[in-house]
Every structure is written in C-alpha cells, then in structure tokens.
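*Asks:* Sequence plus predicted model, see below.
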Amino acid sequence: MENYLEINKAAWNNRVNIHIESEFYELTRLINGELSLPSLDIKLLGNIKGKSILHLQCHFGMDTISLAKLGANVTGVDFSEKAIAKAKELSNQLQAEVSYICCDICSLPDMINEQFDIIYTSYGVINWLPDLDRWGKVISALLKPSGRFIMVEFHPILWMFDETFQNILYSYSRKEPYITEESTYVGDASEAVDKVVTWNYGLSEPINSLTKNGIHIEGMEEYYYSPVNLFSSMIEIEKDKFQIEGQENKIPITYSLIGKKL
C-alpha cells in the first residue's frame, strides 16, 4: 500500500496520549527515577556509558531517556509528530540530554549525517515496516564499523493465533500486509480504534536483511516470556516476566538479535 505510512502515522498520533496516561507504560516509574528498559535489554546492551546510540521507533521516549540515564549519548527516532513532541517534553522534564528526529526510518539517512556505536530497537517494531531490505540498509549505513545492532522483538509465532491462543488463523510469514481496524493494546482503549497496516515476518527475514547488508549476526535467542503484559490471557510467572496462561513454556514470545557491522 502506497499510503501505509500516512495510515499508520495517524493511528500512532491518535494513541500517544492514551499510552502516556495508561497503566501499561507506567510512566510514573520513570518519573520517580526507575528505568523503563527491561532487564533483558539492559543485559544485551551491556555497558553503554559514553556510547552513541540510535534508538529506532522510540515512541514517546521512555526507553530513550532510560538509555541516557545509563550514560549513553542517545538519538531517538519516530515517525509520529505527537510522540516526538511528548518525548522532548518528557526529556526536558526529567533533565535528560536526548536528541530526537521525527521521520520514517527509511528516510533517516537523508536526515542525519552521523554513524553510531549502537543501534537499538525493541518490541513491536519490524511489523510496521514494508521492506526489511531497506531497513537493513539503513542500519548498515548508520552503524560505525564494528558497531553493534541490538533488537528485541515479539516472536512471529505469536501473531499466528487467535485471541485465545488455541487456533492458528494467520500465516507465519507473508509478503502481503494485514489491513485491519483495531484498538490499541493498552487497557480500555475503545476510543483509539484505527485503521493500521502491518506485516508479519518469519525469523529468517530480519536475519537475512541484516546479513546481506553487512551486519554479522553474533547471537540470536528465543524467550518464552514477555517483559510486559501484552495480552489479557497472560500471567506473571516472575517479576516483569509474563507467559500465556495454558501455554506456559510452549510458545516463544520474544526473541533477540545481536549483530556487528563488518
């Protein structure tokens, strides 16, 4: 769809205030001095003090600010004007030194003349992109030589099931987009029902998109938990670790990719 970007941007602009006010994002924890980054992500990132980080699809900046609190020099990117405006407002409120760019990822090389030590992106990101080869090219172009790429993402198997996780309804991977009318994923959000355009990519697709563009995959792991309570059918097995009730340890829920630019 040629106009997928406008459709999705409208949806995400509509969701910003709902997300900020929701219990799902727990913004007050960040305001009170806690980090919003999951412990898994912090472990994968390692010591980032003094490192330059490009945070792709940063939404309204909670994790971007958390990266800055860990000592990194961070630039956050998102295509939603309202999200970037809120991110800037929040950064000023918390006195976090963060730079922000409002643009689509594929346009990013035209907006920035810099390379980074680390590019980081996480949780519900690549399903909004129509062309992972272009995504891989952007990552390669903006990473320094020997720079690291770190992604934590929801597992594509999740999106095959119906809401009960009992029946398979959708393809594991397909080229055609899903065009749906859906509410956002936080609480009672019936006021945020929007048309969205998404894709589902099997694991081979982001891996191949990175490797063909000069990113060597150093590690890939699958996890049977999510750091957030994404579905109503989830139960908390440990602090900030959620599994699907009745499918515990049966369905991978997230995965990580660690790459290095050759």
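*Replies:* Ah, there it is.

*Asks:* and the longest strand anywhere in the chain, what does it pack onto?
*Replies:* The single longest strand within the chain, with elements called by DSSP state E, is strand 143-154. For strand 143-154, the packing partners by 3 or more C-beta pairs under 8 Å, 6 or more residues apart in numbering; DSSP states H and E come out as helix 39-45, strand 116-122, helix 204-211, strand 254-261. C-beta here means a position set from N, CA and C on the backbone, and glycine is covered the same way.

*Asks:* Can you tell me the strand partners of the last one and which way each runs?
*Replies:* The reference is to strand 254-261. strand 143-154 (antiparallel), strand 215-223 (antiparallel) (DSSP bridges).

*Asks:* which residues are contacting the helix or strand bottoming out on mean pLDDT in the chain?
*Replies:* Sorting the helices and strands of the chain by mean pLDDT, DSSP states H and E puts strand 174-183 at the bottom, at a mean of 91. Strand 174-183 is contacted by residues 1, 4, 130, 170, 189-190, 192-200 when judged by C-beta atoms under 8 Å, 6 or more residues apart in numbering.

*Asks:* Which neighbours in the sheet does that strand have, and how are they oriented?
*Replies:* Sheet pairing for strand 174-183, assigned by DSSP bridges, gives strand 193-200 (antiparallel).

*Asks:* what's the offset of the partner strand from the middle of its chain?
*Replies:* 15 Å (C-alpha atoms, centre = their mean, to the nearest Å).

*Asks:* Going by neighbour count, which residues in it are buried?
*Replies:* Neighbour-count burial for strand 193-200 flags Asp194, Val196, Val197, Thr198, Trp199, Asn200 (criterion: 16 or more other C-beta atoms under 10 Å).

*Asks:* burial measure for the nearest residue to Asp78 once chain neighbours are set aside, as a count.
*Replies:* In space, and not counting its chain neighbours, Asp78 is closest to Cys58: 5.0 Å by C-beta to C-beta, 6 or more residues apart in numbering. Residues lying near Cys58 (other C-beta atoms under 10 Å) number 28.

*Asks:* Before we go further, Cys58 is sitting in a helix, right?
*Replies:* No. Looking at Cys58 with DSSP: H, G, I helix; E, B strand; the rest coil, it is coil, so not inside a helix.
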